[in-house]
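**Q** generate a structure from the sequence data that follows.
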Amino acid sequence: MNALLVVTPGFEATAFLPLRRALEREGVQVRTLEFPVAGQTSSDFAAAITAAADAMPEHTVLVAHGFGATLSLMADPHVERMVLLAPVLAVVPQTSVRDLAAVPAPAVVDLSARYAWHDRDAASLLIGRPVPDLGYVSGAFVAEVQGWIRDGHVPVDLGRVDIPVWIAVGLADEVATVEATVPASRTLPDRALVRLGANRFDPRDYTHADLLQDEVPVRVAARAAAGRAAR
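**A** Below you'll find the model as predicted:
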């Protein structure tokens, strides 16, 4: 089995190393897709994901996290299936999110700068600790996401996705919340969903960052990518 591992715009590839290593331990051959920064929009990212998937061998699974998972669902990747951790499918109506959506985005946004919200680190508040390695992201894409928040809608047509999609959500995720993600994901024609956390007898509940880096979520996702039953 081969995997196309999509690095979320604004995240460093190093943030995906725990997931990549878990995939490799399951015998999956991994190709990592990273994006340029300047001027990229969601359409550009989706087109790049489609092109990268078309260049992959047969029997490829697409693996992504967060907004990278959202962009993968916006793309048209010719893969066998998708394994998505914490996909952002609906807007989370939190005050912190709405406030951050009102901040004007420069041409390039440095996510590692750690923006403050009411004297609290916004990344820690939303993504969780430890915060993954963050870097630069296109301001055009950030402005798009801010527009999605203001409109209360993520413009992804889940009903047209014609391949199996496996999704993991975390009960402590403040970006792709269970309350928002689970109902939205039901629109997918062929979807399996796992709620990771204490309700599943995992050691604890997981944040947005945990779903990308903690031992349990990445192991479960890697097993799903390899075609093994999640446990």
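
**Q** and the next helix or strand past the helix-or-strand element of the chain with minimal mean pLDDT?
**A** When the helices and strands of the chain are scored by mean pLDDT, DSSP states H and E, strand 116-117 comes last with a mean of 72. Of the helices and strands lying after strand 116-117 in sequence (DSSP states H and E), the nearest is strand 120-121.

**Q** the helix or strand that that following strand is followed by: how far from the chain's middle?
**A** Beyond strand 120-121 in the direction of the C-terminus, DSSP H and E gives the next helix or strand as helix 122-127. Averaging C-alpha positions (C-alpha atoms, centre = their mean, to the nearest Å) puts helix 122-127 15 Å from its chain's average.

**Q** for helix 122-127, buried residues please.
**A** Judged by neighbour count (16 or more other C-beta atoms under 10 Å), helix 122-127 contains these buried residues: 122-123, 125-127. Backbone N, C-alpha and C define where each C-beta goes, glycine included.

**Q** same thing with stretch 79-99?
**A** Counting neighbours by 16+ other C-beta under 10 Å, stretch 79-99 gives 79, 81-92, 97 as buried.

**Q** and if you look at stretch 137-156?
**A** Of the residues in stretch 137-156, those with enough neighbours to count as buried (16+ other C-beta under 10 Å) are 137-146, 148-149, 154, 156.

**Q** ok, which pair from these is furthest apart?
**A** When the buried residues of stretch 137-156 are compared pair by pair using C-beta to C-beta, the farthest-apart members prove to be Gly139 and Val156, with a separation of 21.0 Å.

**Q** okay, and for this protein, where does confidence drop off?
**A** Filtered on pLDDT under 70, the chain yields the residue ranges 229-231.

**Q** do that again at 90, thanks
**A** Within the chain, the stretches with pLDDT under 90 are 36-39, 91-105, 111-130, 198-204, 228-231.

**Q** surely Ala180 meets Val97?
**A** No: applying C-beta atoms under 8 Å as the test, Ala180 and Val97 come out as separate, 10.8 Å apart.

**Q** and for those two, which residues touch both?
**A** Contact criterion C-beta atoms under 8 Å, 6 or more residues apart in numbering; residues bridging Ala180 and Val97 by contacting each: Val91.

**Q** tell me where the chain has strands.
**A** With DSSP state E as the definition, the chain shows strands at residue ranges 2-6, 29-33, 60-65, 81-85, 108-110, 116-117, 120-121, 136-138, 165-170, 191-196.

**Q** quick one: contacts of the first one?
**A** The set of residues that contact strand 2-6 without belonging to it, under C-beta under 8 Å, 6+ apart, is 16, 19-20, 23, 28-33, 49, 52-53, 56-57, 59-65, 68-69, 71-72, 77, 79, 225.

**Q** go with 6 Å
**A** Outside strand 2-6, the residues that touch it by C-beta atoms under 6 Å, 6 or more residues apart in numbering are 20, 23, 28-33, 52-53, 56-57, 60-64, 68, 72, 225.

**Q** right, I'll leave it there.
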